[in-house]
Structures are given as C-alpha cells and as structure tokens.
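Trainee: What would the 3D arrangement of this be:
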Amino acid sequence: MSHTQSELKMGYVWTICLVAACGGLLFGYDWVVIGGAKPFYEAYFTITDPAQSGWAMSSALAGCVAGALVSGWCADKFGRRLPLIASAILFTASAWGTAMASSFDMFIVYRIVGGVGIGLASALSPMYIAEVSPAEKRGRFVAVNQLTIVIGVLAAQLINLLIAEPVAAGATQQAIVDSWNGQTGWRWMFGAELVPALAFLLLLFVVPESPRWLMKAGNEDQARKTLEKIGSSSYATQTLNDIAHTLAKDTHRVSFATLLQPQVRPVVIIGMVLAVFQQWCGINVIFNYAQEIFASAGFDINGTLKSIVATGIINLIFTLAALPLVDKIGRRKLMLLGASGLTVIYALIAGAYALGIMGWPVLLLVLAAIAIYALTLAPVTWVLLAEIFPNRVRGLAMSLGTLALWIACFVLTYTFPLLNAGLGAAGSFSLYGIICALGWIYIQRNVPETKGITLEALEEQLAARHQTASSAAKEHRA
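Mentor: Predicted coordinates for the structure are as follows:
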C-alpha cells in the first residue's frame with residue numbers, strides 16, 4: 001500500500017530512525033577503533049604471543065555472538081527500545097573500561113562487553129527502523145543504519161589518525177611503550193566512544209516503542225498513538241489492521257522451534273544464508289588486513305594509516321550512493337550486482353598476485369571491491385534481514401540471522417591467515433571469488449524482490465510462495 005506524502009510525517013520518522021541508527025554508528029566505531037590502537041596497547045600490555053594478539057583483536061566478536069543470541073529473546077520479551085537502551089549502556093561501559101584498563105584481562109572483559117552491545121544493536125537497530133518506516137521508503141531508512149555503521153568506521157579511522165603521534169621509522173617496542181601513544185594515546189582512542197555512546201543513551205528515551213511489538217504485546221492504544229505520530233489517522237488505522245491480520249493467524253507461543261515450522265523455515269534459511277554470505281564474500285578480510293595489503297603496495301606505517309582512512313572514505317561515498325538505489329533499483333538486483341561484481345574483482349586480484357603485479361593496481365582493485373560492497377551487499381543484507389521475517393517471529397529470526405552473521409565473521413577472521421598460508425593470496429582471493437559466484441546463483445534462485453511492499457503483505461507473499469513450492473514438490477514426487 002502506498003501513502004501520499006501528506007499522510008506521512010517524514011520529519012518525525014527521520015528523527016526516530018536516525019536515533020535508532022546511532023546503534024549502527026557505535027557498532028562501526030567499536031568494531032574498527034581497535035585496529036588503529038593495536039600497535040600501542042600491544043606494546044603497553046607486552047603482547048608478543050600471536051594467539052594473545054588474535055584474542056585481543058577478536059574478543060569483541062565473542063561478545064557479538066552472545067549479544068546476537070539474546071537479542072531475539074530480548075526483542076520479543078521487552079520490545080525493541082529497552083534492549084537498545086541496554087546496548088547503549090554496554091557501549092558506554094566498554095568505552096570507559098577499555099580506556100581505563102590497567103591489565104590485559106580487564107581490557108578483554110570490556111572489549112567483550114562492547115561486543116555484546118554490538119550484537120544487540122546490529123540486530124535491533126535495523127529491525128526497529130523497518131518496523132516504524134513506511135513501506136515505500138523502508139529500504140532507504142534501513143540502509144541509513146548501514147550508513148551510520150560506515151560513518152562510525154570512518155570516525156574511528158580518523159580519530160585514530162588524529163590522536164596518534166607520528167611513529168618514527170623502525171621504532172622499537174620499548175620506544176612505543178615509552179611514547180605518548182603507548183601510555184595515553186590508545187586510551188583516548190577507546191575513550192572517545194563515550195561521547196556518541198552517552199548521546200545514544202539519552203536520545204533513546206525520546207523515541208517510541210515499535211508499534212508492531214506493541215500490537216503483539218496487546219497494547220493497541222499505544223501502537224495507534226505511535227502510528228499517528230508517523231502518519232495520519234487513516235495511515236494508523238490501515239497499518240493496525242494489517243498488523244492485526246498477520247498476528248491473528250498465529251497465536252501460539254513463539255520459540256526457536258517456531259522457526260522450524262514449514263511456513264517459516266524457508267525464509268529463516270534465506271536470511272541466514274544472506275547473513276553468512278555478507279561475511280564470506282570476503283570483504284572484511286580487506287578491512288581486517290588492510291595494513292598488510294597497503295604495505296604490499298609500498299606504503300610505510302604512517303602512510304598506511306592514511307590509506308586505511310581512504311578505504312573509509314570510499315566506503316562512505318558509495319554507501320551514500322546506495323541509499324536511494326535500495327528503493328529505486330530494488331534489493332534483489334543490487335545483491336546480484338554485488339555478488340557478480342566481487343566475483344570479477346577477486347578474479348583480477350588473484351590474477352595480480354599470481355602474476356606478481358603489486359603496488360597501485362592491487363590498491364585500486366581493493367578500493368573497487370570496497371565500493372561494490374558498500375553499494376550493494378553491505379546495506380541490502382541488513383534491509384532484507386530486517387524485513388523478510390514474519391511479524392510474530394521477527395525478533396527471534398533476526399536474532400538467528402545476526403548470530404549467523406557474527407559466527408561467519410568470526411570464522412572468516414580466523415581462517416584467513418590459515419588460507420593465506422596454505423593457498424597464498426592468489427588462492428585465497430580465488431576462493432572468495434568462487435563463494436561470490438555461488439552466492440549469485442543462490443540469490444538468483446531464492447531471494448524475492450521486496451521493495452515497496454508492506455511487511456504484512458510481504459509475509460503473505462512469502463507464505464504463498466512457499467505453499468506453491470511445496471505443492472509443486474508434492475506433485476513431482478507423485
């Protein structure tokens with residue numbers, strides 16, 4: 001159902017969506033800030049063991065998995081707003097704790113705390129935005145969450161660059177420990193997150209609860225009040241009727257077993273595959289190992305920090321470009337474009353490594369890969385995860401999809417050094433290219449177009465599609 005501009009109060013919708021999207025900004029900052037601080041906190045804590053170094057870098061991912069795991073239960077039990085407030089508190093605690101950590105163990109604890117905040121926010125922010133956005137603009141609004149993630153990434157990269165004092169060529173570990181960077185600079189990098197974390201916490205007290213969750217909880221009056229802030233009285237009535245219609249079809253208690261029901265399972269599988277594919281498409285290898293890639297392109301330590309900021313700027317520019325395209329071109333076409341584009345670029349990167357072509361050609365291909373990802377798979381995956389699941393199971397299903405995403409991220413981060421050692425850079429990027437080609441085939445066969453469709457109509461459409469597929473399978477067997 002399409003609504004006229006006069007029916008919708010877009011200023012209010014933008015306000016509450018931008019507040020919710022601050023969860024994405026903190027997610028991006030918290031995820032990336034550790035990269036710039038790494039040489040300095042490692043020197044401070046005398047980290048020389050590769051396993052210990054890897055645990056410091058990835059400990060937040062353990063928190064992400066835990067946060068994603070409980071996000072669905074929290075969203076269904078307490079709504080979308082209260083768990084977002086909890087995530088803001090966790091981000092605040094993590095920023096303070098890592099900045100003030102006097103021991104490596106304390107540092108790890110607060111990194112995990114921040115990871116739980118990321119796990120909650122990464123599931124709940126896009127879910128909340130999808131549930132308060134008008135159907136015809138939902139893709140753009142949910143994609144704003146990806147934009148804020150990218151802004152958070154770039155902010156962390158810039159703040160790391162601004163805080164860090166120049167490092168002398170060939171500086172020893174002891175020289176770094178004794179420097180301002182080694183004693184204080186890295187603490188400011190983590191502590192700077194306190195400003196957006198506290199702002200997010202305060203702003204969440206002025207946004208309403210999701211009207212779809214309120215209806216599910218039996219609070220129709222409050223749901224109507226929220227919808228009337230978003231649009232006209234007729235918009236509120238129509239939306240309430242749509243929500244009530246979908247909720248009336250299933251009054252059973254929701255549990256993880258519900259996700260295995262025949263009419264729900266296919267959609268949950270699509271969501272999990274897309275979440276895993278967004279990680280296994282390999283782009284986060286480029287983000288996580290950018291320092292090595294730029295070093296191979298001939299940049300020194302200080303130049304590498306600036307080059308990493310360049311990746312953040314490219315990421316931001318193409319994420320901005322993606323915002324209108326999600327609703328204009330559609331989710332499915334952009335996902336297909338991303339999968340095919342990365343397949344081609346990875347083939348070229350693998351070829352460059354195999355032929356010994358290094359330097360600027362590799363750097364430009366890396367930036368091209370980031371541009372394609374930012375324009376397609378990065379924002380669209382979150383949009384699809386936020387909108388394809390049925391109303392009654394959206395919290396749990398989104399939790400499962402986000403859990404799959406973070407486990408996939410953990411596996412990707414840990415396997416790249418092993419793949420690189422066993423297959424070499426050319427072999428590793430060839431493997432990621434094959435994964436992207438397989439992703440294209442899966443999307444072509446299984447992912448529907450969802451632009452401009454209300455969440456309730458989409459649920460009906462996907463259910464009918466499953467029914468048709470099931471009938472066809474039975475006839476085939478017969």
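Trainee: CA only for contacts and neighbour counts going forward, please
Mentor: OK.
Trainee: Name the residues of stretch 186-198 that come out as buried.
Mentor: For stretch 186-198, the buried set under the neighbour-count rule, 16 or more other Cα atoms under 10 Å, comprises 186-194, 196-197.
Trainee: got it, and stretch 152-171?
Mentor: For stretch 152-171, the neighbour count (16+ other Cα under 10 Å) marks 152-161, 163-164 as buried.
Trainee: Please apply the same query to stretch 87-102.
Mentor: Residues 87-100 are the ones in stretch 87-102 that count as buried (16+ other Cα under 10 Å).
Trainee: Greatest separation within the residues you listed: which pair is it?
Mentor: Within the buried residues of stretch 87-102, 87 and 100 form the most distant pair, 19.9 Å apart (Cα to Cα).
Trainee: Now do the strands in the stretch 151-300 of the chain.
Mentor: Taking DSSP state E, counting those that start in this stretch to define them, one finds no strands in the stretch 151-300 of the chain.
Trainee: where do the helices sit along it?
Mentor: 173-178, 180, 186-191, 194-203, 211-216, 220-230, 233-248, 265-280, 283-288, 290-296 (DSSP state H, counting those that start in this stretch).
Trainee: Now pLDDT and distance to residue 10 too, for the buried residues of stretch 87-102, in a markdown table please.
Mentor: A markdown table is the format used below for the buried residues of stretch 87-102 (pLDDT from 0 to 100; distance: Cα to Cα, whole Å):
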| residue | pLDDT | distance to residue 10 |
| --- | --- | --- |
| 87 | 95 | 26 |
| 88 | 96 | 25 |
| 89 | 97 | 29 |
| 90 | 96 | 30 |
| 91 | 95 | 29 |
| 92 | 96 | 30 |
| 93 | 97 | 34 |
| 94 | 96 | 34 |
| 95 | 96 | 33 |
| 96 | 97 | 36 |
| 97 | 97 | 38 |
| 98 | 96 | 39 |
| 99 | 96 | 39 |
| 100 | 96 | 42 |
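Trainee: so of the residues you listed, which ones are in helices?
Mentor: 87-100 (DSSP state H).
Trainee: and of those residues, the nearest to residue 258?
Mentor: Proximity of those to residue 258 (Cα to Cα) peaks at residue 87, which lies at 26.3 Å.
Trainee: Next, the contact list for the closest one, please.
Mentor: Residues near residue 87 by Cα atoms under 8 Å, 6 or more residues apart in numbering: 23, 116-118, 120-121.
Trainee: Now with 6 Å, please.
Mentor: Residue 87 sits next to residue 117 when contact means Cα atoms under 6 Å, 6 or more residues apart in numbering.
Trainee: Please tell me how far it sits from residue 74.
Mentor: Distance, residue 87 to residue 74, by Cα to Cα, to the nearest Å: 11 Å.
Trainee: what does residue 271 give?
Mentor: Note on residue 271: its distance to residue 74, by Cα to Cα, is 19 Å.
Trainee: quick one: which of these two has more around it?
Mentor: Under the neighbour definition other Cα atoms under 10 Å, residue 271 and residue 74 were set side by side, and residue 271 has more, 28 against 22.
Trainee: in stretch 75-84, what's buried?
Mentor: Buried residues in stretch 75-84, counted by 16+ other Cα under 10 Å: 75-76, 79-84.
Trainee: Give me the mean pLDDT for it.
Mentor: Averaged across stretch 75-84, the pLDDT comes to 92.
Trainee: And the residue nearest the centre of this protein?
Mentor: residue 122 (5.6 Å; Cα atoms, centre = their mean).
Trainee: residues contacting the residue nearest to it when sequence neighbours are not counted?
Mentor: Sequence neighbours aside, residue 24 is the residue nearest to residue 122 in space, at 6.5 Å (criterion: Cα to Cα, 6 or more residues apart in numbering). Contact analysis of residue 24 by Cα under 6 Å, 6+ apart lists 145, 148-149.
Trainee: Distance-wise, check residue 24 relative to residue 123.
Mentor: 10 Å.
Trainee: Measure how the longest helix seen in the chain sits relative to helix 265-280, angle-wise.
Mentor: The longest helix of the chain (DSSP H) is helix 394-446. Going by axes from the mean of the first three to the mean of the last three Cα atoms, to 10 degrees, helix 394-446 is angled at 80 degrees with respect to helix 265-280.
Trainee: Which neighbouring elements make contact with helix 394-446?
Mentor: helix 50-78, helix 265-280, helix 331-355 (3 or more Cα pairs under 6 Å, 6 or more residues apart in numbering; DSSP states H and E).
Trainee: With respect to residue 213, which of these lies nearest?
Mentor: Closest to residue 213 of the helices and strands packed on helix 394-446, according to Cα to Cα: helix 50-78, at 7.5 Å.
Trainee: Now residue 396. Nearest residue, chain neighbours left out?
Mentor: Closest residue in space to residue 396, ignoring its immediate chain neighbours: residue 72 at 4.0 Å, by Cα to Cα, 6+ apart.
Trainee: Enumerate every residue touching the one you found.
Mentor: When contacts are counted by Cα under 6 Å, 6+ apart, residue 72 touches 395-396, 399.
Trainee: For the helices of the stretch 151-300 of the chain, give me JSON lines that also has mean pLDDT and distance to residue 322.
Mentor: Formatted as JSON lines, the helices of the stretch 151-300 of the chain follow (pLDDT from 0 to 100; distance: least, Cα to Cα, whole Å):
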{"stretch": "helix 173-178", "mean pLDDT": "84", "distance to residue 322": "41"}
{"stretch": "helix 180", "mean pLDDT": "89", "distance to residue 322": "40"}
{"stretch": "helix 186-191", "mean pLDDT": "95", "distance to residue 322": "29"}
{"stretch": "helix 194-203", "mean pLDDT": "95", "distance to residue 322": "24"}
{"stretch": "helix 211-216", "mean pLDDT": "90", "distance to residue 322": "27"}
{"stretch": "helix 220-230", "mean pLDDT": "90", "distance to residue 322": "24"}
{"stretch": "helix 233-248", "mean pLDDT": "84", "distance to residue 322": "28"}
{"stretch": "helix 265-280", "mean pLDDT": "90", "distance to residue 322": "16"}
{"stretch": "helix 283-288", "mean pLDDT": "76", "distance to residue 322": "17"}
{"stretch": "helix 290-296", "mean pLDDT": "63", "distance to residue 322": "23"}
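Trainee: Now render the ones you listed as JSON lines, adding distance to residue 60.
Mentor: Putting the helices of the stretch 151-300 of the chain into JSON lines (distance: least, Cα to Cα, whole Å) gives the following:
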{"stretch": "helix 173-178", "distance to residue 60": "24"}
{"stretch": "helix 180", "distance to residue 60": "25"}
{"stretch": "helix 186-191", "distance to residue 60": "13"}
{"stretch": "helix 194-203", "distance to residue 60": "17"}
{"stretch": "helix 211-216", "distance to residue 60": "29"}
{"stretch": "helix 220-230", "distance to residue 60": "35"}
{"stretch": "helix 233-248", "distance to residue 60": "36"}
{"stretch": "helix 265-280", "distance to residue 60": "16"}
{"stretch": "helix 283-288", "distance to residue 60": "14"}
{"stretch": "helix 290-296", "distance to residue 60": "19"}
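Trainee: For residue 351, which of the ones you listed is the nearest?
Mentor: Comparing the helices of the stretch 151-300 of the chain by Cα to Cα, helix 290-296 comes nearest, at 15.2 Å.
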